[in-house]
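Student: After the sequence you'll find the predicted model.
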Amino acid sequence: MSDRPGRVLPKRILIVTGMSGAGRTTALKTFEDLGWEVVDNLPLPLLERLLGSPVAEGEEDQSRPLAFGVSSRTRAFDAERIVRSVAALREERGYDIGILFFDCAGAVLTRRYSETRRRHPLALDRPAADGIRRERELFRPIRDAADYLIDTSDTNSNALQAELRRIFASEDADSPTLNVISFGFSRGVPRHADLVFDMRFLRNPHWDPHLRPQTGLDQPVAAYVEEDSAYSEAVTRIENLLLLLLPRYASEGKSYVTIAFGCTGGRHRSVRVAEDIAGRLRNAAFSPTVTHRDLALQTRDAKEGSPTGGRDHERIG
């Protein structure tokens, strides 16, 4: 599709907007991971100019979809004008354009602002609740006109990313949408995991007092785990297995695959392996979302073999 010689329009344009703190920023990052072009807080009158500008030199997919972020802080914000502009672009210019609106209960938004100690953009010198009420009124025309409405009152960031991938992942994608999860067996196996790998055969950083407080995201822990003589071969074999299975899942019509890596507490070995495998999958042209389910949880007691081969009472590592 092109509205002028030499200019290929996006396959799809999505105005991404909604209540501050309801998930718009997370959504834009997710669309970027999905391969969309993302532009945030550009005044809407400049959208047509953006659509008419040439693509970046070397851009392979010149018609990839565009996510256009709009917030109440966008310059010259006018909800009714935005609705009219979207309708005009759709009806008069033939653009495949829609509105994605994020809503959330006022009490939940107030709590989020309190927990993060941020000020609401429309109530810098007043309680956040005042800004939330004002913003809800400003957004009412856009909310009413939205093509997609997502309420995040009971949704965390990871669940929101998964929902957006479910709705907006390209229908002609060559591979399933991937979720890579690390977890601790002491808190149970993830319910929706399709493939589960037990990494408790690797040596445990818990037994090193200097490494115990750290996680698999920290370089000293990562190096310690990778120095295990079984690590390289085991992870390479897992990688090769996934590269074999994922195209088969796609050919069978499976759109979503969750790959879970577990250790005792979900803080060290499983985290390192999940990060490593996710990186390898990205190098193979996949786009996994990584979640470390138990990384931030308080440790608790469990039984696990000690490094000398006996049984010892461990505070999870």
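Tutor: Great, that's in hand.

Student: a helix runs through G279, doesn't it?
Tutor: Yes: counting by DSSP: H, G, I helix; E, B strand; the rest coil, G279 is located in a helix.

Student: Show me the strands in this structure, by range?
Tutor: 13-18, 37-40, 66-69, 97-103, 148-151, 177-184, 195-198, 256-263, 289-292, 301-305, 311-315 (DSSP state E).

Student: mind checking how far the fifth one is from the chain centre?
Tutor: The one in question is strand 148-151. In terms of C-alpha atoms, centre = their mean, to the nearest Å, the centre of strand 148-151 is set 16 Å apart from its chain centre.

Student: Give me the mean pLDDT for it.
Tutor: The pLDDT scores in strand 148-151 average 93.

Student: Tell me where the model's unsure across the stretch 201-317 of the chain.
Tutor: Applying pLDDT under 70 to the stretch 201-317 of the chain picks out residues 253, 255, 298-317.

Student: just the helices in it please.
Tutor: 219-226, 231-251, 269-283 (DSSP state H, counting those that start in this stretch).

Student: got CSV for the ones you listed, with distance to L14 and mean neighbour count too?
Tutor: Heads up, the C-betas are built off the backbone N, CA and C, glycines and all. Converted to CSV, the helices of the stretch 201-317 of the chain look like this (distance: least, C-beta to C-beta, whole Å; neighbours: other C-beta atoms under 10 Å):
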stretch, distance to L14, mean neighbour count
helix 219-226, 37, 17
helix 231-251, 25, 14
helix 269-283, 24, 22
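
Student: Can you check which of these gets nearest to T17?
Tutor: helix 269-283 (29.2 Å; C-beta to C-beta).

Student: pull the CA atoms of the closest one into PDB?
Tutor: Output of helix 269-283 as PDB, limited to C-alpha atoms (Å, rounded to 0.1, in the frame of the first residue of the first chain):
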ATOM      1  CA  ARG A 269      20.900 -21.500  37.700                       C
ATOM      2  CA  SER A 270      17.500 -21.300  36.100                       C
ATOM      3  CA  VAL A 271      17.800 -17.600  35.600                       C
ATOM      4  CA  ARG A 272      21.200 -17.900  33.900                       C
ATOM      5  CA  VAL A 273      20.100 -20.700  31.600                       C
ATOM      6  CA  ALA A 274      16.900 -18.900  30.700                       C
ATOM      7  CA  GLU A 275      18.900 -15.700  29.700                       C
ATOM      8  CA  ASP A 276      21.400 -17.800  27.700                       C
ATOM      9  CA  ILE A 277      18.700 -19.700  25.800                       C
ATOM     10  CA  ALA A 278      16.700 -16.600  25.100                       C
ATOM     11  CA  GLY A 279      19.800 -14.900  23.600                       C
ATOM     12  CA  ARG A 280      20.500 -18.000  21.400                       C
ATOM     13  CA  LEU A 281      16.900 -18.000  20.200                       C
ATOM     14  CA  ARG A 282      17.100 -14.300  19.300                       C
ATOM     15  CA  ASN A 283      20.300 -15.000  17.300                       C
END
